[in-house]
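Undergrad: Quick one, what's the 3D model for this:
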Amino acid sequence: MKTDLLLIPMSARYRDMRAAAIAAEEAGFDGLWTWDHLRDPDGESGPGVPEAWTTLTALAEATRRIALGPLVLNVANRHPGLLANMAATLQAISGGRLLLGIGAGGSQRTPYAAEQRAIGQAVERDEVRARKVVEAIELMRRLWSGHAGFLRPEPPPPIIVGGFGPRMAGIAGRYGDGFNTQAMHPKLAELARVAREEHVKSGRNGAAFILTVFAGLDDRWLRADSRGRQMLEGAGVDRLILLQEPPFDPDEIRAAGRVLAGTP
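TA: Numbers count the residues shown, from 1 in each chain. As a prediction, the model looks like this:
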């Protein structure tokens, strides 16, 4: 099971995210992610939120080995045709390190609905937003196939669909290459089963499906012999994504890497 870091962008500054990314790569982490949000719902007077795709593109130039991904892009924020080209470009810049996380965005029940309304975006019903995820995946794959001279990513990045219920798990399996949810989701095993079964029904190899989960950064997720980590491995999790809040301390990240590696 690979272990990644997610740099929470709320009130973060790019220079600190860059330093954290370099430290994470040096410390042996496998991947680096950030959230796709445009404002901090808890910080009206803070410095704001760096935009996810711009940040990841810059971090692709600052790093050499570590995988990079958004967790997860709200498909309402970028037209999928444009996103297809953005992804193909970042795949070229990074040398094939992109993990393309996408999702339906926050519902009306979440604090993130306010940022969508602030930029003139309607927050649709759950089933409408879910359908737009499917439409985005289908269009991106069509454009990546070389349709009408569009840039083709080499290789196409895996599309990892984020969600918390069986609807999005099923979409991830049928149309995507992976599924992301909470590490401590009470129905993690069930959601993983739904996603993998749908992946096989779509005619693809279930063993190649990528299951990723996220949790807070602490030692119980870093130590190989911890009950939590063993539970995730038993559920077939491929990547564990650990969240870190700003300000990011490179020394703390390197120390976490030593715990992960089992070295003093």
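
Undergrad: List the buried residues in stretch 245-253.
TA: By neighbour count with 16 or more other Cβ atoms under 10 Å, stretch 245-253 contains the buried residues 246, 248, 250, 253. Placement of C-beta: from N, CA and C, glycine included.

Undergrad: my guess is the third one meets A21, correct?
TA: Yep, that's P250 we're talking about. No: applying Cβ atoms under 8 Å as the test, P250 and A21 come out as separate, 9.5 Å apart.

Undergrad: follow-up on the earlier one: closest to G228 among the buried residues of stretch 245-253?
TA: I253 (19.8 Å; Cβ to Cβ).

Undergrad: Is the closest one in a helix, a strand, or coil?
TA: helix (DSSP: H, G, I helix; E, B strand; the rest coil).

Undergrad: check which helix or strand covers the closest residue to it other than its chain neighbours.
TA: Nearest residue to I253, sequence neighbours excluded (Cβ to Cβ, 6 or more residues apart in numbering): A23, at 4.2 Å. Take DSSP states H and E as the rule and A23 turns out to sit in helix 14-27.

Undergrad: what does P157 give?
TA: Using DSSP H and E, P157 falls outside every helix and strand.

Undergrad: quick one, what contacts it?
TA: 87, 91, 96, 98-100 (Cβ atoms under 8 Å, 6 or more residues apart in numbering).

Undergrad: Run a quick neighbour tally on S145.
TA: 10 (other Cβ atoms under 10 Å).

Undergrad: Need the pLDDT of it.
TA: Predicted confidence (pLDDT) for S145: 93.

Undergrad: And S45, by the same measure?
TA: pLDDT, S45: 67.

Undergrad: let's number from 40 now, not from 1
TA: In the new numbering, first residue 40, that becomes S84.

Undergrad: buried set for the lowest-mean-pLDDT helix or strand in the chain?
TA: When the helices and strands of the chain are scored by mean pLDDT, DSSP states H and E, helix 152-157 comes last with a mean of 86. Using 16+ other Cβ under 10 Å as the test for burial, helix 152-157 gives 152, 154-155.

Undergrad: Nearest to W72 among those?
TA: After measuring those against W72 - Cβ to Cβ - the closest member comes out as E154, at 19.0 Å.

Undergrad: correct me, but that closest one touches D79?
TA: No: using Cβ under 8 Å, E154 is not in contact with D79; the gap is 9.2 Å.

Undergrad: A59: neighbouring residues, count only.
TA: Using other Cβ under 10 Å, A59 has 23 neighbouring residues.

Undergrad: buried residues in the very next helix or strand once past the least confident helix or strand of the chain?
TA: Per DSSP H and E, helix 152-157 leads on to helix 165-183 as the next helix or strand towards the C-terminus. Burial within helix 165-183, assessed by neighbour count using 16+ other Cβ under 10 Å, is assigned to 168-169, 171-173, 175-176, 178-179, 182-183.

Undergrad: Now tell me what touches helix 165-183 from outside.
TA: So helix 165-183 is contacted by 114-115, 119-120, 122-124, 126-127, 141-144, 146, 162-163, 189, 191-192, 195, 198, 200, 206-207, 210, 214-215 (Cβ under 8 Å, 6+ apart).

Undergrad: cool, and stretch 115-131?
TA: So stretch 115-131 is contacted by 75, 77, 92, 95-96, 99, 107, 112, 114, 136-137, 139, 141, 144, 155, 158, 160, 168, 171, 174-176, 178-179, 182-183, 189-196 (Cβ under 8 Å, 6+ apart).

Undergrad: where does this protein dip in pLDDT?
TA: 82-84, 303 (pLDDT under 70).

Undergrad: Just give me the residue closest to the centre of it.
TA: In the chain, the residue lying closest to the centroid (Cα atoms, centre = their mean) is L110, at 2.6 Å.

Undergrad: can you pull the contacts of that one?
TA: By Cβ under 8 Å, 6+ apart, the contact list for L110 reads 45, 72-75, 140, 201, 219, 253, 280.
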